[in-house]
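Chemist: quick one, what's the 3D model for this:
(one chain, ligands or ions: 1)
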Amino acid sequence: MECTNERGAVSDPLGKTGDPCVMVIFGASGDLAKRKLLPALYNLARERLLSREFAIVGFSRTRMSHEEFRERISKDMKEHATGSIDPDLWNWFVQRLYYSPGDIQDSNDYQQLKDLLLKVDKEQGTRGNYLYYLATSPELFSPIIQHIGAAGLAREENGRWRRVIIEKPFGRDVESACALNQEIRKVLTESQIYRIDHYLGKETVQNIMVFRFANGIFEPIWNRRYIDHVQITVAEDIGVGQRGDYYDKAGALRDMVPNHMFQLLTLTAMEPPISFEADAVRDEQVKILHAIQSISPEGVLSFTVRGQYGEGMVKGQRVPAYRSEPSVPPDSCTETFVAMKLFIDNWRWANVPFYLRTGKRLPCRVTEIAIQFKSAPFVLFRKTTVEHLKPNLLVLHIQPNEGISLNFGAKVPGPLVRMGTVDMEFKYEDYFGRTPSTGHERLLYDCMLGDATLFQRADMVEASWGVVSTVQDVWNALPHRRYPNYASGTWGPQEANELMARDGREWRKCIK
Ligand code: BG6
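Modeler: So this is what the prediction gives:
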């Protein structure tokens, strides 16, 4: 049943619990497990969305007993839980933690894992359902899947399910993503594979669909007739920190664009799906990816910009250049900033530019989608002091200040007709309060229920890499850029502004 609260929130008060299962975390001693996965599972237990018949098995190289694993996780939770911990609930939770030390490349260790899973299944009544989470480095994704297949741990029979969540990056270009898809399909069917993109765990990203398709007033103007252009910004103030080794081989384009930015793009641009079934939504998303106009080699030069941060000041602190970060070669030519202009070749979006930009060490952390409408067709107020009427702007604020704002013109009070721009603002926090979360809760929960809507299908991943690969190939063929070309704490290289200026536009000044 639906209920409406005083401020107008409509919600389903009773979510059913996830299916009984054992979740096996490969890479259990790593950062992702302690910072995100375990706190998210605890939050699900707090919300009563976790089955009572549930258990976790950690698998990684470090030698540890079950008890040592429990102690370690209890200690980590003090630092990484998103809210206070209820001692009774924690006690229940911790009894469901098990550990299997093992080498990911050693088949004997999977036999031990299999024995442990049978034991846990009996103890906790998890009904033979296994959810594997691959929180490891990407080169281990395929070996793990081959091993669980060989150990008979991937076979679904007698109503028992086996699902695998695979972290990003899924390949590093079209060829490697296709090859990885082929390899893992030797063991798993597509319905067992859950390719995760943590942006889809963000409430505000999920809200894009609700905003567009649960409200009748936006859809009629959501097209080329009324929209001038769209700007998608994913700005970070942090640098690469300790991830230099991974990042230097990836760069901003691979790290952010085919995954997080294309999720934002496709949800903004897709047609209404015929239902909210996983494949219906993903069919519409993939159509957008296929409709992205391919960029010619010459187009890459004028439609894309790349940059690398030098030293500078971020939030009042002096910070080092990318080339001085740990594990980054001092002559690295990897980009930490990318801006690009894309067109979507379909009836809804023909000739509407989508400008995307993302980068590290920008002035602040902000993710938003700004939809700029066309100006009013006729300036009615010619005899007034109004020189320029600003076009309407709708901004979907994804993070950190989640909300939606609509900017429009209003008369400034007084005897003259003077115009100002004002904001109509909705902030999530004002209406729904804050539910601290890691962003992984919904995704884990959906996987436990077998709902793949918020996970990437093979064709989506391959199509996304297809768009990015052309850009990457042209960049690789060009002489190296003179890096660094933007100072930390600025909005990227000057060419990013020129990209907009050539079209008579400018980037929105994002502030936190
Ligand atoms: C990750 C990237 O996928 O997303 C990181 O690898 C990036 O480089 C991160 O910092 C951004 O996520 P969020 O949730 O902080 O916007």
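
Chemist: end-to-end on stretch 311-324?
Modeler: Here the two ends of stretch 311-324 are set 9 Å apart, with distance taken as CA to CA, to the nearest Å.

Chemist: got a list of what the closest residue in space to Trp222 that isn't next to it in sequence touches?
Modeler: Excluding the flanking residues, the one nearest Trp222 by CB to CB, 6 or more residues apart in numbering is Arg212, at 6.7 Å. In short, each C-beta sits where N, CA and C put it, glycine included. The neighbours of Arg212, taking CB atoms under 8 Å, 6 or more residues apart in numbering as the test, are 218-219, 222, 267-268, 272.

Chemist: you'd agree Gly420 is in a strand?
Modeler: Yes: in this structure, Gly420 lies within a strand as judged by DSSP: H, G, I helix; E, B strand; the rest coil.

Chemist: thinking again about what came up before, and which of the contacts of Arg212 is nearest to Tyr355?
Modeler: Here the nearest of these to Tyr355, counting by CB to CB, is Thr268; it sits at 12.3 Å.

Chemist: the residue in the stretch 1-150 of the chain that the ligand sits nearest to: neighbour count?
Modeler: Using CB to the nearest ligand atom, the closest approach of the stretch 1-150 of the chain to the ligand is made by Lys36 at 10.0 Å. Other residues near Lys36 come to 21 when the count uses other CB atoms under 10 Å.

Chemist: again, but for the one 5 residues further on
Modeler: Residue crowding around Leu41 was assessed by other CB under 10 Å; the count is 26.

Chemist: now do Leu301
Modeler: 13.

Chemist: and the pLDDT for it?
Modeler: With respect to pLDDT, Leu301 scores 93.

Chemist: what do you get for Thr4?
Modeler: In this model, Thr4 carries a pLDDT of 41.

Chemist: hang on, Ile165 in a strand?
Modeler: Yes: Ile165: assigned to a strand according to three-state DSSP.

Chemist: count of residues packed around it?
Modeler: Ile165 is surrounded by 21 other residues when neighbours are defined as other CB under 10 Å.

Chemist: confirm for me that it is in contact with Tyr130.
Modeler: No: using CB atoms under 8 Å, Ile165 makes no contact with Tyr130, being 11.5 Å away.

Chemist: contacts only, for whatever residue of the stretch 401-512 of the chain ends up closest to the ligand.
Modeler: With CB to the nearest ligand atom as the measure, the residue in the stretch 401-512 of the chain that lies nearest the ligand is Gly439; the distance is 6.5 Å. Listed by CB under 8 Å, 6+ apart, the contact set of Gly439 reads 36, 40, 198, 201-202.

Chemist: one more time with 7 Å, if that's ok
Modeler: Gly439 makes contact with 198, 201-202 under the criterion CB atoms under 7 Å, 6 or more residues apart in numbering.

Chemist: and which of these is nearest the ligand?
Modeler: The ligand lies nearest to His198 out of the contacts of Gly439, by CB to the nearest ligand atom, at 6.1 Å.

Chemist: the closest one: neighbour count?
Modeler: Using other CB under 10 Å as the criterion, His198 is surrounded by 18 other residues.

Chemist: ok, now how distant is the most centrally placed residue in the chain from the ligand?
Modeler: Against the mean C-alpha coordinate of the chain, by CA atoms, centre = their mean, the closest residue is Tyr199 at 2.0 Å. Tyr199 sits 7 Å away from the ligand, going by CB to the nearest ligand atom, to the nearest Å.
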